[in-house]
Structure formats: C-alpha cells, structure tokens
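Asker: No sequence on hand, only this structure:
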C-alpha cells in the first residue's frame, strides 16, 4: 500500500493525549503518520490545516459539534472520526462516530479499527484488486515474508533457489510498489492473503 493514513489526536489532557500518541507509535507496522493538538476549541480550522484521514477526539470536548459538522466545516467529507472514550458517553452520541476506542481497550482493538479504515481507503482509492497482479507463486512468497521467514527458509519450503526467491521478491516490490515487510503485511491482511492471527 503506497498511501499512509494521517491520524490527528485532538485531546486537551496531556496525559491522555501522550498516552494515545505512545500507543499509536507502537503500531509501527501500520502505514500511519500521527500528529497531535491540545486546543480543540477551533478544531474545524485545525482540521483544515492538518487534513487528517482519521481524527481521534473525546466526544465530551466537542460540545454540540458532531463528526458530520466537523466534516462539513473542514471539507474533509471522507475523514473518519474515532471517539476516544474515557468518561461515560451516551450511546446515541457514540453512534455518530465511525468507531469508539476506550481507554480500557487493548492495543489490538485499536489496530483492528485502523486496519478496517486502511482496508476501506484501499478499496475506495483503487477498485482494481491488486492481487490479480501477483502470480500464485508470488502470493505464496508474500505469505512467507509476512510470517517472518528468511529468503533461505522460503526457498526451502517452496523448493526454490534463494536467488529465485530474491527475484520473486523484487518483482513483488515492483508490481505493488511496496518495499518493506511491514508494507507487505498490511497488503496481505487487507487482501486476505493471511489472517492477522498468522502474523508473528
């Protein structure tokens, strides 16, 4: 996946904002870039400046502003808005958000939310299924790479020479424009070549 998801954390509490930033930075294998702001009173203007794909914000800080109002005011109609919940919030309000992340949720829950957003953006930006560009052998090699296997281990498992594996990997990188194992991991998950549980 060539695109990166730009995430903006809008939270006035330094402790909560810092914690959220630390958690997001632990998701280093996802194609994300993270920024933070602590002043949410002029959030619509800040959104125009940062232009995030995903906004993470505490619903209590928005007052009467809704996710749809923020999208309309900023012109970011495709922006996803995640409720960062650390106080009791009425269910009717939370339904207006694309997702809810509680301070009590696990890192894996946040990863799943972001993977869903990445998959949605990928399907919107290119309706062509990139899997069709790969041969069956190349797909096998992508799966092996994602599982953390070395070129030699892949060669042994698929009865190929190491040189052939390296050639396939170069072809895969060229076709997909993905040049890192982390990028291939996202590609493989999004395109259902592997299940998230199979990844080390």
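Answerer: Structure's in. What do you need? Small disclaimer: the values here were computed from a predicted structure and weren't measured.

Asker: going forward, measure contacts and count neighbours with C-alpha atoms only.
Answerer: OK.

Asker: Now do the buried residues in the longest helix that the chain contains.
Answerer: If you go by DSSP state H, the chain has its longest helix at helix 107-125. Neighbour-count burial for helix 107-125 flags 110, 111, 114, 115, 117, 118, 119, 121, 122 (criterion: 16 or more other CA atoms under 10 Å).

Asker: And the helices in the protein, which stretches?
Answerer: Taking DSSP H as the criterion, the chain carries its helices at 14-25, 43-50, 59-62, 67-74, 91-94, 107-125, 136-146, 151-158, 162-176, 181-190.

Asker: Against which helices or strands is the fifth one packed?
Answerer: Using 3 or more CA pairs under 8 Å, 6 or more residues apart in numbering; DSSP states H and E as the contact definition, helix 91-94 packs against no other helix or strand.

Asker: how far away is residue 74 from residue 12?
Answerer: 20 Å (CA to CA, to the nearest Å).

Asker: I should have written residue 58 there, sorry.
Answerer: For residue 58 relative to residue 12 (CA to CA), the value is 9 Å.

Asker: care to break the protein down by domain?
Answerer: Annotated domains of the chain cover 5-125, 130-198 [automatic domain parsing].

Asker: Any chance of those in a markdown table with mean pLDDT as columns?
Answerer: Listed next are the domains of the chain as a markdown table, based on pLDDT from 0 to 100:
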| stretch | mean pLDDT |
| --- | --- |
| domain 5-125 | 90 |
| domain 130-198 | 86 |
